[in-house]
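> Please work out how this folds:
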Amino acid sequence: MSVADVAEGKDYSFPKEEEKILSLWDRLDAFKEQLRRTEGKPEYIFYDGPPFATGLPHYGHILAGTLKDIVTRYAAATGHHVTRRFGWDCHGLPVEYEIDKKLNVKSRDDVLKMGIGTYNEECRSIVMRYSKEWEKTVKRLGRWIDFENDYKTLDPSFMESVWWVFSQLYEKGLVYRGFKVMPFSTACSTPLSNFEAGLNYKDVSDPAVMISFPVIDDPDGAALVAWTTTPWTLPSNVALCVHPELVYVKVRDNEKKKVYIVAEARLPAVPGAVPKAKKGAKKDDKPEGGFEVLAKMPGKELVGLRYKPLFDFFAPLAAAPGSSKGAFRVVADTYVTDDSGTGVVHQAPAFGEDDYRVCLANGVCEKGDSLPCPVDLNGRFTEEVYLFKGLHVKDADKEIVAAIKEAGRLVDNSAITHSYPFCWRSDTPLIYRAVPSWFVKVEEIKERLLHNNMLTYWVPSYVKEKRFHNWLENAHDWAVSRSRFWGTPIPIWVSEDGEEVVCISSKEELEQLTGEKVTDLHRHFIDHLTIPSKRPGQPPLRRVDDVFDCWFESGSMPYGQLHYPFENKELFEANFPADFVAEGLDQTRGWFYTLMVLSTALFDKPAFKHLVCNGLVLAADGKKMSKRLKNYPDPTEVIDKYGADALRLYLINSPVVRAETLRFKEEGVYAVVKDVFLPWYNAYRFLVQNILRLELETGSRFRPVSPAELRPSNVLDRWIGAASRSLTAYVATEMGAYRLYTVVPYLVKFIENLTNVYVRYNRKRLKGSKGGEDAQVALSCLFNVLLDVCKVMAPFTPFLTESMYQNLRGALPPGEVPESVHWCDFPTARASLEGDERIQLSVDRMQRVIELGRTIRERRNKPLKSPLTKLVVVHSDMDFLDDIQGELREYVESELNVRSLEVCADPLKYASLRAQPDWQVLGKRLGKSMGAVANAIKDLAADQILSYEKSGSIELAGHIIEAGEIKVLRDFRAPEGTSPDDVDANGDGEVLVVLDLRVDESLVAAGLAREMVNRFGRIRARCA
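Residues are numbered from 1 along each chain as shown. Predicted structure coming up:
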């Protein structure tokens, strides 16, 4: 068995070859075989956040899936057993919304009429609508994950674990029922989390009205003036709020005979309050109009004033004279500002979070009491507000404003454009509404949440330390219930009088208490079940109406996927928290948060140890990707055109892995193919061709010498071996720290060096120019490196590495290597050999010498085919100078076509030195001292600069200046006896290259001879 010949790069189709690899994996059952081979090894636990299968995967899913696949493949290659189960989020608003559209469901009543069972089964029927498309896309991307043994949040086993989680919280006293003003979708008849409310903001124009509220018994007949952009909340007004410390003014509008009270700072916002110059008035003319100021007072002096209600819908709630309880009073709170409105805020506690808080704190309403909330779940006014009954709140604004105007209470009517939240599913405006809900006491465990967050490791760390920490620090109690149908039911049964409450923890407990067999836990299977009261003669307990917010289910995923604690108890408890999770930045307020809350409440532990957080993938124009706008290329088409590996590497080698945004550009995927894959493939093809050539010449199979036995003497053989050892050690270190964004650039740079240095400079040796034995060594070096690169890159580019590996393993003894590169162990980090660091540094410098020399040739119009006499390399490191004029000399002379190479350790022979401060670095550190230090740096003599370069620091103007904070510039100085046309130089701040440009007849003849040889070579190649 040997390696097989491969196609030229221009004829190689990466996407088609990937399809062949998929077939190979199917034939080998590669993923399951990998799991079987790693059984008994330490478990590496990975949690996969469940997506909805009601939509197709997009680039955000592809990115997160690639991150997860890379990390878990690497874990499997480094001695772990990694179970990877795909998960599906099956409940909640996204599914119900699809069915509402399908069945033309407009309200909650429509569902009740058709029957919850019918509705829920319709939901069940579409839950996995796109599951096959998901599986196809995920598989095509090369991601190994188990779809057969997936978990679904609708499975009774998963739902039962959710019940157990909730019952544990209930037993710990972390659950209560209360009111909460929440973002509310009237189209979907359900509250949303703050996270969901933040998903879809739009700029809209809303009415902005000022309304007068006459103060009862005021001697001047004054009225407080409030401002609002939600006129529909005015029928529910029960209080007015001022800031206790702001200054308020009582002013008279002499023209309209009205007296108003507003914040002094907001007086100019009231129409007519400020005198205005007449049209065409002269400069000295006095402005006319304006209000007369009658009095000034702090806001706290207004507290307790009673006012006349705007409408009489809730007039019975009015406070009695002198009472500190009841409605239609002035209260104070510091949340009132003077940067908009009038400094007087109208309070409708059922429709504003601050309103509810302020009214509770000031006795306008009581906790647990019913609130004035005349709006039903469909957003329409109820009978209580008879004037506007049946109108949707947003449609009622105009009629309400008209009624206020007719009552003589409208002070101003204008409009405002502002950012407003819309329902992310129905795309309709949200309102804020008080809803009865079941809450988890997050505030009670906040300190433990902050502590457990410190125990986790995030990449990038600032997301944990700032964004997530701040979110936890300001976390409020979590409303976990939704007044919906398709979801895991809240397992609470309550008596009619509310005196008896039972929280069920399992299906078995429910069966015991109800005496009924339970096969499914959805509403239509259990809502009818009752639990007998323990009090004689009392009616039975019935289940509360609510279901869980789907975020509670996804946060319960660690337990639900294993049906814990009913099964897999030992497996779970031995491996919790998970080793790794990964999702997008938006999940800091979503899945990451719910995982942390529930794990802390249950076990006082974080749910995960390591987390990689990615940013958002945007369209090329910086806008959100939109199917409607078609502003991004279809992922399937991109994969079919360039291959999955190219897409994977493009996404991973971008700012998005550091939680920043990526503007997706198709040309970036193409660049991966052109700049990374093709050079890599061509190096591999060059190896294969020369193995076959050697086999043809020797008549025997090529067997590479193993790295352990290889003792190369050639400098580039030693260099590529050292670089390969460094690569393996670096990747192991960085992957251990989950820094994928540092790994890929290093890998790409290594491949560049492999192709542009090792293969390019060694082409003749690899073709046998120095004999068969030397060719065997060189080919073995290249083979071993490419094999190691396949193993190192396998988690990142699973297809190309597999394709190369399948051919390369043909050169190895049968049965000695696994059939798939993904069954191989990650290369062991081999200890550095003596001289590894020196040879890598010297070759790097040699490359820079060659690049600097090429630049001189281009600048001076000296083509490479024309030989030159001499090159001088100037550097202070004697080891490097020994290497460059020793083993590396032939490569420099050949690449730059020079007859001789000289070295010089005296940096002042060909250049003068001067120093400049690095303003960007030093400016931040030194501040006002920067000027004095900058002058001192510019005054440095050459010997001081050399001393600074050698020691790495210098003291100037009382400050220690470290390495890298001074820019050392080398200005070329032509040697005596030469003109600027004779010699030129180029440097990069460390190495200086001096090139003798003078040409004599012998050089011209040598150039012609070289050109003749090249041309004959090309003719022979065409004729072959």
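
> Low-confidence bits of the stretch 301-450 of the chain, can you list those?
367-369 (pLDDT under 70).

> Now with 80, please.
366-370, 424-425 (pLDDT under 80).

> for it, what spans make up the helices?
Secondary structure of the stretch 301-450 of the chain (DSSP state H, counting those that start in this stretch): helices located at 353-361, 393-406, 446-454.

> Which one of the ones you listed lies nearest to residue 106?
helix 393-406 (14.6 Å; C-beta to C-beta). All C-beta spots, glycine's among them, are computed from the backbone N, C-alpha and C.

> Can you pull out the residues in contact with that closest one?
186, 206-207, 209, 211, 230-232, 234-235, 310-311, 375, 379-381, 387-388, 391, 410, 413, 429, 431 (C-beta atoms under 8 Å, 6 or more residues apart in numbering).

> which ones among those are found in strands?
Using DSSP state E, the subset of the contacts of helix 393-406 located in strands is 206, 207, 209, 211, 410, 413, 431.

> wait, what's in contact with the residue nearest to residue 619 when sequence neighbours are not counted?
By the measure of C-beta to C-beta, 6 or more residues apart in numbering, the closest residue to residue 619 outside its immediate chain neighbours is residue 631, 4.1 Å from it. For residue 631, the contact set (C-beta under 8 Å, 6+ apart) comprises 619, 620, 621, 623, 625.

> Surely the last one and residue 663 touch.
The one in question is residue 625. No. If you go by C-beta atoms under 8 Å, residue 625 and residue 663 don't touch, sitting 10.4 Å apart.

> For these two, list the residues in contact with both.
Contact with both residue 625 and residue 663 is made by residues 618, 619, according to C-beta under 8 Å, 6+ apart.

> buried residues in the helix or strand containing residue 600?
In the assignment (DSSP states H and E), residue 600 maps to helix 591-603. Buried residues in helix 591-603, defined by neighbour count with 16 or more other C-beta atoms under 10 Å: 591, 592, 593, 594, 595, 596, 597, 598, 599, 600, 601, 602.

> What about the closest residue to the last one other than its chain neighbours, how many residues nearby?
This means residue 602. Using C-beta to C-beta, 6+ apart and skipping the chain neighbours, the partner closest in space to residue 602 is residue 168 (5.7 Å). By other C-beta atoms under 10 Å, 19 other residues sit near residue 168.

> again, but for residue 34
Around residue 34 there are 21 residues (other C-beta under 10 Å).

> Poorly predicted segments of the stretch 51-200 of the chain, please.
52-57, 93-94, 106-108, 190-196, 198-199.

> returning to that earlier point: ok, so of the contacts of residue 631, who is nearest residue 326?
Closest to residue 326, out of all of these and judged by C-beta to C-beta, is residue 623, at 51.2 Å.

> how close does that closest one sit to residue 650?
Counting by C-beta to C-beta, to the nearest Å, the gap from residue 623 to residue 650 is 19 Å.

> What of residue 32?
Residue 32 sits 29 Å away from residue 650, going by C-beta to C-beta.

> before we move on, back to that, deepest in the core, which of the helices of the stretch 301-450 of the chain is it.
Across the helices of the stretch 301-450 of the chain, averaging neighbours per residue (mean count of other C-beta atoms under 10 Å) puts helix 353-361 on top, at a mean of 19.
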